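Peer 1: I'd like to go over a predicted model; first the sequence, then the structure.
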Amino acid sequence: MRGLRGWIGMALLALAGPIAAQPAAETAKPADRPVAAQAHVLDKADVDSWLDGYMPYALQRGDAAGAVVVVVKDGRILTQRGFGYADVAHRRPVDPGRTLFRQASISKLITWTAVMQMVEQGKIDLDKDINAYLDFRIPEAFGKPVTMRNLMTHRSGFEEVQRGLNSYDLKDIPPLDVALKRWVPTRIFAPGTTPAYSNYGTTLAAYIVQRVSGEPFETYANRHIFAPAGMTLASFSQNLPPNLRSQVASGYNRGSDAPSRLELNSFWPAGGLSATGADMGRFMIAHLENGGALLKPETARLMHDSILKAIPPLNGMALGFYEQNINGRRALSHAGDTLTFHSQLWLLPDERVGIYMSMNAAGTEKVSGPIRSHLFDAFADRYYPHVQKDGRVDAATAARHVRMMVGTYNKTRRSETSFLKALELSGQIRVDTDAQGGLRVKAAPGIGGEDRKWVEIAPFVWRESDGKMRLAAQVENGKVVRFGLDSSAPYMLFEPAPWYLSVAWLNPAIVASLCVLLLTVLSWPVVALVRRTYGVVPSHGIRPWRAYRLSRAFAGLVLVVLACWFRFASALLGDFSSMNGELDWALGALQIATPLVLLAALGLAVWNAVLVWKAKGRRSEKGWSLLLALSVLVILWMAKGFHLIGVGLNF
């Protein structure tokens, strides 16, 4: 990982042009401070030369099939470039004006623009309970209604939805109202308090536009967004007509792999747009030109300038867009990712400049992410160089703050009430100290996969050493209650995991418990064979012998149930089409079997331990009986805490 991503990072640094160094300390003398590198002229010739030096190399090195990059400036497309292949096998090149890329979550910007058109017309009030616009009800929670502003800033409080979200089959894509009404996800945060990215929330907003405008949302987008913006090939249709379907780029895991099937989306207003690079360039121009043909200037300013920050001074959330400020300049952005398509656009409103890129392959080690994020960094360094002047926190205070940060954290964007909560067993984020006593955060690896080095530049605000990324924490009553990263803080934070579900102790306990259960099961036939070979008769009575055998049998059943959960999860997560009900029978069976087996196993293990201790057997036998009971208890604790014990097919 480090080799591939490291090479890409080196290439970016070289191609960005001279980059200003960071100041060594807050007390540096003015004469010693570095001077910003001279900016390159942002014209077509320079941008094309720069892209030609980077993109072909990055695609080849990362085994990524193709890409499109569009740069707009002063109300026109400065350059639009295709690189690599839209179809590798047929050597069909990427054409920025003809090749359609799946835009994934960039689709949300179309929906949010449509919402703002309704706000402009007085048909939607940003701060009104959205139930006023719906023909079904969002249940009460936390004593506060959900508003459109909550939806647009991802602060509605909904947990993550996965069931029915994606498929490869059109039969799994229902009408918009059906997709929304089949399950209203639980709200796990009070509205307006916590950023938790929500595809459901965005689709809910599109349905509201559909209802208040009187037009199906796909038709509305065609008439009021795509047509006036000149986005001639853009479409939300999940069943594209033949003339467009033939222009869609094939999606790949790696460019050298066979193409994947086209991913379809039930929440298509949040992730189902197909568009060319040229189309996305025109969309950027509209927003950069004070709304262009899409919004009145005052509406565009409201959309772009209503910034809500979860943890100042990190980037905040506008109405739909989120900040990705860079080099002292304001930048609005949105990214989008399917399994195979990876896209992002950035607007620099004060400079009237935008840049968009999309790739049709994840690439080796998912290198598409670093390629696109560092493309923007290098673009900013080349055309808008900047010297970052940070302060410093004294060493003793910095060390104390690092110790306060140490712990295990959950993402605010998560599944909370279904069995998918068990993904936290591998998904919780660990924050601890590095060898030098500095901050180490597993949520934010560097481009080579290595840990970033963090320097505290203000109380509870860190910046990546020799980098741009910032991390900041919110502290209340002397405790860290949440932290965020510049890249994701607008729509997702990290909060301390409750101690009783922290993987810091629970994962080692689970591993130890599984070992005890496995050894218990394996030793059973071995002990029986030894006894039979040497004619040893158990000294205990019928009841202890029965407890012994049943406790071993149910220890084996516990392992079988857990193996079935693992197999179920692998099938479910390995093919998202299976999240449309095909495996409901397996989920239902597991939800019945899990509590029955675990509770029976615990009862039998405790019964066995009581009888063993009453019989005054060997110390090893007594100790193992307690270990067995404790091991089953740990597994039961895990199953209950992470909702492997539960009822319901929604997730």
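Peer 2: Perfect, I can see it now.
Peer 1: low-scoring pLDDT stretches of the stretch 351-500 of the chain, where are they?
Peer 2: By pLDDT under 70, the weakly predicted segments of the stretch 351-500 of the chain are 446-449.
Peer 1: Can you give the distance from stretch 367-384 to the centre of its chain?
Peer 2: Once both centres are worked out by C-alpha atoms, centre = their mean, to the nearest Å, stretch 367-384 turns out to sit 20 Å from its chain's centre.
Peer 1: C-alpha coordinates for it, PDB please?
Peer 2: Coordinates of the C-alpha atoms in stretch 367-384 are reproduced here as PDB (Å, rounded to 0.1, in the frame of the first residue of the first chain):
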ATOM      1  CA  VAL A 367      -6.300   4.300  -4.800                       C
ATOM      2  CA  SER A 368      -9.100   6.400  -6.500                       C
ATOM      3  CA  GLY A 369      -9.700   8.200  -3.200                       C
ATOM      4  CA  PRO A 370      -6.100   9.500  -2.800                       C
ATOM      5  CA  ILE A 371      -5.900  10.300  -6.500                       C
ATOM      6  CA  ARG A 372      -8.900  12.600  -6.400                       C
ATOM      7  CA  SER A 373      -8.200  14.200  -3.000                       C
ATOM      8  CA  HIS A 374      -4.600  15.000  -3.800                       C
ATOM      9  CA  LEU A 375      -5.600  16.200  -7.300                       C
ATOM     10  CA  PHE A 376      -7.500  19.000  -5.600                       C
ATOM     11  CA  ASP A 377      -4.600  19.700  -3.200                       C
ATOM     12  CA  ALA A 378      -2.200  19.900  -6.000                       C
ATOM     13  CA  PHE A 379      -4.500  22.100  -8.100                       C
ATOM     14  CA  ALA A 380      -4.800  24.500  -5.100                       C
ATOM     15  CA  ASP A 381      -1.100  24.500  -4.500                       C
ATOM     16  CA  ARG A 382      -0.300  25.200  -8.100                       C
ATOM     17  CA  TYR A 383      -2.800  28.000  -8.800                       C
ATOM     18  CA  TYR A 384      -3.500  29.300  -5.300                       C
END
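Peer 1: Helices of the stretch 301-450 of the chain, start to end?
Peer 2: In the stretch 301-450 of the chain, the segments counted as helices under DSSP state H, counting those that start in this stretch are 368-383, 395-405, 424-427.
Peer 1: Now mean neighbour count and distance to residue 72 too, for these, in a markdown table please.
Peer 2: Backbone N, C-alpha and C define where each C-beta goes, glycine included. Formatted as a markdown table, the helices of the stretch 301-450 of the chain follow (neighbours: other C-beta atoms under 10 Å; distance: least, C-beta to C-beta, whole Å):
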| stretch | mean neighbour count | distance to residue 72 |
| --- | --- | --- |
| helix 368-383 | 23 | 13 |
| helix 395-405 | 15 | 40 |
| helix 424-427 | 14 | 37 |
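Peer 1: Of the ones you listed, which is nearest residue 48?
Peer 2: Ranking these by their distance to residue 48 (criterion: C-beta to C-beta) puts helix 368-383 first, at 12.9 Å.
Peer 1: other SSEs contacting the closest one?
Peer 2: helix 2-15, helix 44-62, strand 342-348, strand 353-359 (3 or more C-beta pairs under 8 Å, 6 or more residues apart in numbering; DSSP states H and E).
Peer 1: Low-confidence ranges, the chain, go.
Peer 2: Within the chain, the stretches with pLDDT under 70 are 1-36, 446-449, 530-532, 534-540, 617.
Peer 1: can you do 80?
Peer 2: In the predicted model of the chain, residues 1-37, 443-450, 525-541, 576-577, 616-618 satisfy pLDDT under 80.
Peer 1: Closest to the centroid, which residue in it?
Peer 2: The structure's the chain has its C-alpha centroid closest to residue 413; by C-alpha atoms, centre = their mean the separation is 7.4 Å.
Peer 1: ok, that residue touching residue 492?
Peer 2: Yes - between residue 413 and residue 492 there is a contact at 4.6 Å, judged by C-beta atoms under 8 Å.
Peer 1: what's the overlap in contacts for the two?
Peer 2: Overlap of the contact sets of residue 413 and residue 492 (by C-beta atoms under 8 Å, 6 or more residues apart in numbering) consists of 196, 197.
Peer 1: Quick check: residue 529 is in a helix.
Peer 2: Yes - according to DSSP: H, G, I helix; E, B strand; the rest coil, the state of residue 529 is that of a helix.
Peer 1: neighbours of it, just the number please.
Peer 2: In terms of burial, residue 529 registers 10 neighbours under the definition other C-beta atoms under 10 Å.
Peer 1: circling back to that earlier point, so which of the helices and strands packed on helix 368-383 is the most surrounded?
Peer 2: For the helices and strands packed on helix 368-383, the stretch with the most neighbours on average is strand 353-359, a mean of 28; neighbours defined as mean count of other C-beta atoms under 10 Å.
Peer 1: residues in contact with that strand?
Peer 2: Contacts to strand 353-359, defined as C-beta under 8 Å, 6+ apart, come from residues 42, 59, 64-73, 101, 103, 277, 280-281, 284-285, 287-288, 341-348, 368, 371-372, 375-376, 379, 383.
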